[in-house]
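Q: please work out how this folds:
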Amino acid sequence: MAVNEGTCGYDKDATTGKKLTTPGGLTEATIREAIEAVLERKGKTSKNRKKKKKSTLCPKGQAYRKRRLAAGEKNSAYLNLRASGICSGTWPPKKKKKTNEYLLEDDIRESLRDWVKEKWVRINTSGNITGPCGTMKDKKNPSRCLPEKKAKSLTKSQRAATAKKKKAAGKSGKQYIKNTKKATVKK
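A: Below you'll find the predicted structure:
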């Protein structure tokens with residue numbers, strides 16, 4: 001068969017010259033067989049394909065979802081995730097047991113909170129309580145500070161001894177100086 005100039009002949013059968021009705025002259029059955037062969041090679045045959053199973057929530061999960069929707073929460077993936085978590089037992093998250101390390105951190109936090117709540121006072125080298133802690137003008141060598149209860153429980157000479165110890169060590173450049181034995185704060 002002669003092909004007219006200007007045409008590529010894709011829509012005509014090369015042997016008979018008749019016009020083709022399907023791409024390449026293939027029948028629908030032949031096309032389906034070719035698609036199945038390709039899918040089978042990839043392991044995705046229509047026989048092997050699983051239909052998506054519509055997941056359903058357990059009654060508790062459905063009840064939770066209804067309550068949240070009634071409370072005004074919008075339907076969302078997060079809501080459905082929590083509802084399915086109720087069904088599987090992963091929602092609400094379980095509280096961690098307190099370990100020794102966690103208990104220690106808790107004690108430290110509590111101790112620090114108590115420390116901040118205490119009223120701290122400044123003591124001069126003569127043993128007098130001179131005002132609230134942190135109000136001294138000489139920031140490079142500050143006075144001794146103690147909780148008010150502890151400062152009042154000490155004698156004037158005991159307060160003077162701890163304040164002098166702090167001032168003397170502060171002159172040599174030390175910042176942290178231990179209290180005297182009597183002035184040590186114990187809980």
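Q: with only the CA atoms kept, save the longest helix anywhere in the chain in CSV.
A: Secondary structure of the chain per DSSP state H: the longest helix is helix 100-117. The C-alpha trace of helix 100-117 is given here as CSV (Å, rounded to 0.1, in the frame of the first residue of the first chain):
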residue,chain,number,x,y,z
ASN,A,100,14.7,8.2,91.4
GLU,A,101,16.2,10.7,89.0
TYR,A,102,12.8,12.3,88.4
LEU,A,103,12.1,12.4,92.1
LEU,A,104,15.4,14.1,92.7
GLU,A,105,14.6,16.8,90.0
ASP,A,106,11.2,17.3,91.7
ASP,A,107,12.9,17.7,95.1
ILE,A,108,15.3,20.3,93.6
ARG,A,109,12.5,22.2,92.0
GLU,A,110,10.6,22.2,95.3
SER,A,111,13.6,23.3,97.3
LEU,A,112,14.4,26.1,94.8
ARG,A,113,10.8,27.3,95.0
ASP,A,114,11.0,27.4,98.8
TRP,A,115,14.3,29.2,98.6
VAL,A,116,12.9,31.9,96.4
LYS,A,117,9.8,32.4,98.7
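Q: now stretch 134-151: average pLDDT?
A: Stretch 134-151 carries an average pLDDT of 83.
Q: keeping just the C-alphas, turn that stretch into CSV.
A: Taking C-alpha atoms only, stretch 134-151 is exported to CSV below (Å, rounded to 0.1, in the frame of the first residue of the first chain):
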residue,chain,number,x,y,z
GLY,A,134,20.7,42.3,96.7
THR,A,135,20.5,46.0,97.6
MET,A,136,24.2,46.5,98.4
LYS,A,137,26.0,49.1,96.3
ASP,A,138,29.4,47.3,96.2
LYS,A,139,28.5,44.5,93.7
LYS,A,140,32.1,43.2,93.4
ASN,A,141,32.3,42.3,97.1
PRO,A,142,28.8,42.0,98.5
SER,A,143,27.7,41.4,102.1
ARG,A,144,26.6,38.0,103.4
CYS,A,145,23.0,37.2,102.7
LEU,A,146,20.9,34.7,104.8
PRO,A,147,17.3,33.8,105.2
GLU,A,148,15.7,36.1,107.7
LYS,A,149,14.7,33.3,110.1
LYS,A,150,18.3,32.0,110.1
ALA,A,151,19.8,35.5,110.6
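Q: and it, which residues are buried?
A: N141, P142, S143, R144, C145, L146, P147, K150, A151 (16 or more other Cβ atoms under 10 Å). All C-beta atoms are positioned from the backbone trio N, CA, C, and that covers glycine.
Q: in helices only, show me these.
A: Judged by DSSP H, helices contain the following of those: K150, A151.
Q: would a markdown table of the buried residues of stretch 134-151 with distance to R65 be doable?
A: Output for the buried residues of stretch 134-151, formatted as a markdown table (distance: Cβ to Cβ, whole Å):
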| residue | distance to R65 |
| --- | --- |
| N141 | 66 |
| P142 | 61 |
| S143 | 64 |
| R144 | 63 |
| C145 | 58 |
| L146 | 59 |
| P147 | 54 |
| K150 | 58 |
| A151 | 61 |
